[in-house]
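In: Here's a sequence, model it:
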Amino acid sequence: MAAKVPQAARDAVIGVWSEPMTYDVERGAVLRFVRTLNDEGPRWYADNEPGAQSSDGLAVPPTFLVSLFAGPHKADWKNPYEGLLDAGTEWQFFEKVRVGDRITVAARITDMTDKQGRVGDMLMVTTEFRYTNQHGKLVATQRNTVAWYEPEARKA
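Out: Here you go, the predicted structure:
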């Protein structure tokens, strides 16, 4: 199997951090997120009622962070594939995220590996995301692997 992404292109992008993006964690976004999960648990709603007060902000579901995107990558590469499969995600959580926090997200590609799979040639791309709060504390990391491939319709 011949690599469709040249080594020089891989070397130019692996390890390069994206532009950071900063988000205000706001109550409405958290409520929309938990509603999409059909999580009607009172822990997400009790302090979220209009006029409710909380001394340190309402805790946010840990996976809410997946709704916050990193900025554009500083290094660009040409992806020859169109199909995309989720190949797994690993999380580590270090601090609670609360309504009112400001979260900054940055990402970098850490690995690109060619693989042969049931769908044919694939490019496995692993990306690390780092989430920090307004105090500069690392609140979580996410390690996401996706499998890029050429859909059957394109092969014909």
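
In: Tell me where the chain has helices.
Out: Remark: helices assigned in the chain by DSSP state H are 7-13, 27-36, 42-45, 152-155.

In: Looking at those, which is nearest to residue 71?
Out: In terms of CB to CB, the element of those nearest to residue 71 is helix 7-13, at 14.8 Å. To be clear about C-beta, it is placed using only N, CA and C from the backbone, and glycine gets the same treatment.

In: quick one: contacts of that closest one?
Out: Helix 7-13 is contacted from outside by 73, 75, 76, 77, 78, 109, 112, using CB atoms under 8 Å, 6 or more residues apart in numbering.

In: Now do the contacts for the last one.
Out: With contacts taken as CB under 8 Å, 6+ apart, residue 112 has the following neighbours: 5, 10, 13, 14, 123, 124, 125, 126.

In: Could I get the pLDDT score of the spatially closest residue to residue 64 that is not a sequence neighbour?
Out: Closest residue to residue 64 apart from its sequence neighbours, by CB to CB, 6 or more residues apart in numbering: residue 33 at 5.1 Å. For residue 33, the pLDDT comes out at 88.

In: same question, residue 36
Out: In this model, residue 36 is scored at 85, pLDDT.

In: Just give the closest residue to the most centrally placed residue in the chain, not the sequence neighbours.
Out: The chain has residue 66 as the residue nearest its centroid, 4.9 Å off, counting by CA atoms, centre = their mean. Among residues not flanking residue 66 along the chain, residue 142 sits closest, at 7.3 Å (CB to CB, 6+ apart).

In: Name the residues linked to the one you found by a beta bridge.
Out: Under the criterion DSSP bridges, residue 142 forms beta bridges with residue 91, residue 129.

In: contacting residues for it?
Out: Shown in contact with residue 142 (CB under 8 Å, 6+ apart): 65, 66, 89, 90, 91, 128, 129, 131.

In: Give me the buried subset of those residues.
Out: 65, 128, 129, 131 (16 or more other CB atoms under 10 Å).
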